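>>> I'd like to go over a predicted model; first the sequence, then the structure.
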Amino acid sequence: MKGNNPEQWRSKLSAEQFHVCWEKGTERPYSGALLHNRKSGDYLCVCCKSVLFHADAKFDSGCGWPSFDRAIEGTVTYTEDRSHGMARVEITCSQCGSHLGHVFPDGPTETGQRYCVNSLSLEFEPDTDA
């Protein structure tokens, strides 16, 4: 579905999800439903349901958004973002193109990465064999 008209998602998402995923918005810090989730499972794209992150990659960065130190290989696309007067790397779902957030080179683990992701762009699927 990548490259399709973002309007196809308007009726499938809440207004807030549409704003984040297709208008490159950002949810308020510390407001996301998945910020403090500590359960085992997977984080999926809220639009196309592609699995993007495993729970074991999540950590508390203190930034106000869910943070991960790595994405599942091939699931995220990286694009230079010079909006808002700064240089950042935007991350989008490789399957459908929806905006997820940004990745920064200041993570505390061996990857050195901090994927700062909007809860509104994700769904959580808990492990069933826990």
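That came through, no problem.

>>> so Cys48 touches Cys93, yeah?
Yes: under the contact definition of C-beta atoms under 8 Å, Cys48 touches Cys93, with a separation of 6.4 Å. To be clear about C-beta, it is placed using only N, CA and C from the backbone, and glycine gets the same treatment.

>>> contact partners for Val64?
To be clear, residue 64 is Gly; Val isn't right here. For Gly64, the contacting residues are Arg28, Pro29, Tyr30, Ser31, Leu35, taking C-beta atoms under 8 Å, 6 or more residues apart in numbering as the criterion.

>>> give me that answer again for 7 Å
Gly64 is in contact with Pro29, Tyr30, counting by C-beta atoms under 7 Å, 6 or more residues apart in numbering.

>>> ok, it to Tyr30 distance?
Using C-beta to C-beta, to the nearest Å, one obtains 5 Å as the distance from Gly64 to Tyr30.

>>> what do you get for Cys47?
For Cys47, the distance to Tyr30 - C-beta to C-beta - is 24 Å.

>>> quick one: which of those two has more around it?
Each of Cys47 and Tyr30 has its neighbours counted (other C-beta atoms under 10 Å); Cys47 has more, 24 against 11.
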